[in-house]
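Engineer: I need the structure of the sequence given here:
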Amino acid sequence: MVDSLKHQVWTVRIAAMSIIFELAEHVELHTQIQDAIPSIFSLLKDEDSDVQSVAITGFGNLAQRAEFQDAILLLIPKIPELLTNSSWGVRRSAALILAKLSETVGFYHALQLTVLPLMQRLKDSDPNVRDAIMSALESLVERVELRDTVQHNFPLLLEMLKDQDAVVRATGISALAKLAKHEEFRAETQAALSSVLQLLNDLDPRVRLSTVAAFPQFYEQAELRAEMGDLVRQIEKLLKDEDESVLSAVPIMVSELAKHPDCYPSIQALIPSVIDMLNTENPYIIATVISTLGKLADNVIFREPIQTAIPAFVQLLQHEDYNVRLTSISISIKVLDTAEHLHAIKTTVSSLIESVDQQRWQLRVDVATLLSQLTMRGEYQLVLNLLLIFQSGTNQYCWELYFIAGKNVGG
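Structural biologist: I've put the predicted structure just below:
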């Protein structure tokens, strides 16, 4: 098997490694596997990048076994070089193994030497590598013993916010947001927050999007809230963003901020502006807005301003996009507690039934649930008539709808 690690065909070398790593499950074979480790080490410089990646990943699996920890300690000093490999796959594997190695106390001291090279690669040109590095950095800072090293190199993150490359700026924001949950990084983050918030005005939508996504993470920390300024003014400006990816992220941010009682007045003030987003032609944004309003409606304090959108919800029940119809039904079920909304639903529900997408079971179930809600509010004759429509319809799903609705209202 060891001889196969030197085979001229790269797929054979990979197969041999895979078998050896799998055999590590058997304690009685550990001596033979130890003998193969020097040959596997040589494959870290193999001419084929897939071979290199498999070798790195395999060592990560061996790290869980105490018998191989000495070999892993020899591997760790090689990781900084692997992080600069010309192959994005190798760089990604090198970052991911750091996340795995951070789970073992015996590696903490050796891992300190990898923190700076890892943070320097946050500027990597490949998004897959950047994601892996972010994951590794998150794992490393979960270990108190490694936070001092990250804190010492914190200025690297701040430099990223001013980088000419928009992707680097966006990655820097994400990294700061993830580190902010740890008290050790709170003071540095607080000092940098004004610079971060300025990136809400960045010319590149990817940077604005990253900042919007990070906003609720910063707000989770009470010490940072005073630095975040006027929420209403900042969010209303974002609601006018010209980029649709940024626009679709804003309602999600609003629903996250609504988890904090001190944000309630700001959220109440923003609801009319969020409702105005329903006028867009982008169905994804519409569905996201409705979903956000549905989450907000779970809190009675937001229910009244949301009810002003009843006519819009009713109209959107007929929208051509499935997700828009589905979210519209869901929020209709939630806020069906006003006479105005009840009347509006009654006038449109029969046509809604006729437009049910035959291939979408969730929409059919939600329509039936809406009928059961009407029944609970005393609309027996209306629901009976609709059930008769189900029963007599030619649509192959009418009987299914009849059964679901009938079951929901007690047969």
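Engineer: Next up, phi/psi of the most centrally placed residue in the chain, please.
Structural biologist: If you average the C-alpha coordinates of the chain and look for the closest C-alpha using CA atoms, centre = their mean, you land on Ala213, 9.5 Å from that point. Backbone torsions of Ala213, given as degrees, to the nearest 10, read phi -70, psi -30.
Engineer: again, but for Asp230
Structural biologist: The phi and psi torsions at Asp230 (degrees, to the nearest 10) take the values phi -80, psi 100.
Engineer: contacting residues for it?
Structural biologist: By CB atoms under 8 Å, 6 or more residues apart in numbering, the contact set of Asp230 is empty. Heads up, the C-betas are built off the backbone N, CA and C, glycines and all.
Engineer: so what's the residue nearest to the centre of the chain up against?
Structural biologist: Under the criterion of CB under 8 Å, 6+ apart, the neighbours of Ala213 are 174, 177, 249, 253.
Engineer: Ala166 now?
Structural biologist: When contacts are counted by CB under 8 Å, 6+ apart, Ala166 is found next to 202, 204, 206-207.
Engineer: try Leu239
Structural biologist: 247, 250, 273-274, 276-277.
Engineer: If we use 10 Å, what do you get?
Structural biologist: The neighbourhood of Leu239, defined by CB atoms under 10 Å, 6 or more residues apart in numbering, consists of 246-247, 250-251, 254, 270, 273-274, 276-277.
Engineer: And for Pro251?
Structural biologist: With contact set as CB under 10 Å, 6+ apart, Pro251 has these partners: 235, 239, 270, 274, 277, 285, 287-293, 295-296.
Engineer: from the contacts of Ala166, which is closest to Ala132?
Structural biologist: Within the contacts of Ala166, distances to Ala132 taken as CB to CB reach their minimum at Arg206, with 18.7 Å.
Engineer: can you count the residues close to that closest one?
Structural biologist: Counted with other CB atoms under 10 Å, residues neighbouring Arg206 total 16.
Engineer: For it, which non-adjacent residue is closest in space?
Structural biologist: Leaving aside its chain neighbours, Arg206 sits nearest to Ala170 (4.9 Å; criterion: CB to CB, 6 or more residues apart in numbering).
Engineer: Top of the contacts of Ala166 by number of neighbours, please.
Structural biologist: Val207 (23 neighbours).
Engineer: List the buried residues in whichever strand or helix holds that residue.
Structural biologist: If you go by DSSP states H and E, Val207 is part of helix 205-219. Using 16 or more other CB atoms under 10 Å as the burial criterion, the residues of helix 205-219 that qualify are 205-219.
Engineer: Check Leu224 and give its pLDDT.
Structural biologist: At Leu224, the model reports a pLDDT of 88.
Engineer: For the stretch 251-400 of the chain, give me the ranges with low pLDDT.
Structural biologist: Per-residue confidence for the stretch 251-400 of the chain (pLDDT under 70) gives these ranges: 333-400.
Engineer: cutoff 50 now
Structural biologist: For the stretch 251-400 of the chain, residues meeting the criterion pLDDT under 50 lie at 392-397, 399-400.
Engineer: Tell me the buried residues in the helix or strand containing Val246?
Structural biologist: Per DSSP H and E, Val246 falls inside helix 244-257. With burial defined by 16+ other CB under 10 Å, the residues of helix 244-257 counted as buried are 246-257.
Engineer: From Ser194, how far off is Gln151?
Structural biologist: Look at Gln151 and Ser194: by CB to CB, to the nearest Å, they are 20 Å apart.
Engineer: With neighbour numbers in mind, choose between those two.
Structural biologist: The neighbour comparison of Gln151 against Ser194 (other CB under 10 Å) goes to Gln151, with 17 against 11.
Engineer: which SS state does that one fall under?
Structural biologist: With DSSP: H, G, I helix; E, B strand; the rest coil as the basis, the three-state label of Gln151 is helix.
Engineer: Make sure it is actually in contact with Glu184.
Structural biologist: Yes: the criterion here is CB atoms under 10 Å, and Gln151 meets it with Glu184 at 5.6 Å.
Engineer: Quickly list what's touching both of the two.
Structural biologist: Val141.
Engineer: how about the helix holding Val207 as PDB, C-alpha atoms only?
Structural biologist: The C-alpha coordinates for helix 205-219 follow below in PDB (Å, rounded to 0.1, in the frame of the first residue of the first chain):
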ATOM      1  CA  PRO A 205     -22.900  46.900  -3.400                       C
ATOM      2  CA  ARG A 206     -21.000  43.800  -2.100                       C
ATOM      3  CA  VAL A 207     -19.500  46.000   0.600                       C
ATOM      4  CA  ARG A 208     -22.900  47.500   1.500                       C
ATOM      5  CA  LEU A 209     -24.400  44.100   1.600                       C
ATOM      6  CA  SER A 210     -21.700  42.800   3.900                       C
ATOM      7  CA  THR A 211     -22.200  45.800   6.200                       C
ATOM      8  CA  VAL A 212     -26.000  45.300   6.300                       C
ATOM      9  CA  ALA A 213     -25.500  41.600   7.200                       C
ATOM     10  CA  ALA A 214     -23.100  42.500  10.000                       C
ATOM     11  CA  PHE A 215     -25.300  45.200  11.500                       C
ATOM     12  CA  PRO A 216     -27.400  42.900  13.700                       C
ATOM     13  CA  GLN A 217     -24.300  41.100  14.900                       C
ATOM     14  CA  PHE A 218     -22.800  44.300  16.100                       C
ATOM     15  CA  TYR A 219     -26.000  45.300  17.700                       C
END
